[in-house]
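A.B. asks: Need coordinates for the below:
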Amino acid sequence: MLVREPVVGRVKTRLAADLGPERACAIHVELTERCLRNLHPAGLQTQLWIAGDAEAPSIEPWCTWCDAVLHQPEGDLGERLEAVFRWDSNPTIAVGSDCPELGAAHLLEVRETLAQGGVDAVICAAEDGGFVLLGLRAWRPGIFSGIEWGSPSVLNRLTANMLNLGVRYRLLGEFYDIDTLADWSRWCDSQAAETALKSQ
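C.D. replies: The predicted model follows:
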């Protein structure tokens, strides 16, 4: 999992514009912990890749849910993802910390899909044109070439690169990540509805 060190004013800046930097940072922590708890039951080896100080005290509560804490290198998202995929020669699944819809069942489905050998990559798309999960059987140089990170064209460029490189991929669902106040409100509403159903 790739995640930023929780520093007020440096995380969830689009949320901070509406809710303030302190509340945005608290949401960042809440989402990260939720994602770690959701994914942990899959039983997969988990590395937490931190952008910022990987030894900061604020990171310690997250260590319960992972096997190793590593420092993200400098660079754009493609360069940081490349470091993740190069770190281990085994099939690797990379996720962020802002899609609480993802759970252990999704990770296991991705692992099984990669293990079957019919594809080289598995992607869980994001509604905003990016992706919330990328699984690779092995690193392939060039798959992130020319991607304008943060734009609506991320997924299209990624899949075009894969086709050009002969990387067989499969899309497994579409999800939303939480970047804006509208996203956060949508998530809170869904959780309230789920709680109401359980109480009936």
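A.B. asks: what helices or strands is the host helix or strand of residue 82 leaning on?
C.D. replies: Using DSSP states H and E, residue 82 sits in helix 77-87. Where contact means 3 or more C-beta pairs under 8 Å, 6 or more residues apart in numbering; DSSP states H and E, helix 77-87 is packed against strand 2-4, strand 47-51, strand 92-95. Every residue, glycine included, has its C-beta placed from N, CA and C.
A.B. asks: run the last query once more with 7 Å
C.D. replies: strand 92-95 (3 or more C-beta pairs under 7 Å, 6 or more residues apart in numbering; DSSP states H and E).
A.B. asks: Other residues contacting the strand it packs on?
C.D. replies: For strand 92-95, contacts defined as C-beta atoms under 7 Å, 6 or more residues apart in numbering pick out 1-2, 81, 84-85, 102, 107, 110, 132-136.
A.B. asks: quick one: buried residues of the worst-scoring helix or strand of the chain on mean pLDDT?
C.D. replies: In the chain, the helix or strand scored least confidently by mean pLDDT, DSSP states H and E is helix 181-198, which has a mean of 89. Buried residues in helix 181-198, counted by 16 or more other C-beta atoms under 10 Å: 183-184, 187.
A.B. asks: Now do the host helix or strand of residue 23: distance to the chain's middle.
C.D. replies: Per DSSP H and E: residue 23 is located in helix 21-39. The chain centroid and the centroid of helix 21-39 are separated by 12 Å under C-alpha atoms, centre = their mean, to the nearest Å.
A.B. asks: which non-adjacent residue is nearest residue 54?
C.D. replies: residue 71 (4.3 Å; C-beta to C-beta, 6 or more residues apart in numbering).
A.B. asks: thought that neighbour was touching residue 50?
C.D. replies: Yes. With contact defined as C-beta atoms under 7 Å, residue 71 counts as touching residue 50 (5.9 Å).
A.B. asks: more neighbours, these two?
C.D. replies: Shown here are residue 71 and residue 50; by other C-beta atoms under 10 Å, residue 50 has more neighbours (22 against 14).
A.B. asks: what's the closest of the buried residues of helix 181-198 to residue 42?
C.D. replies: residue 187 (21.2 Å; C-beta to C-beta).
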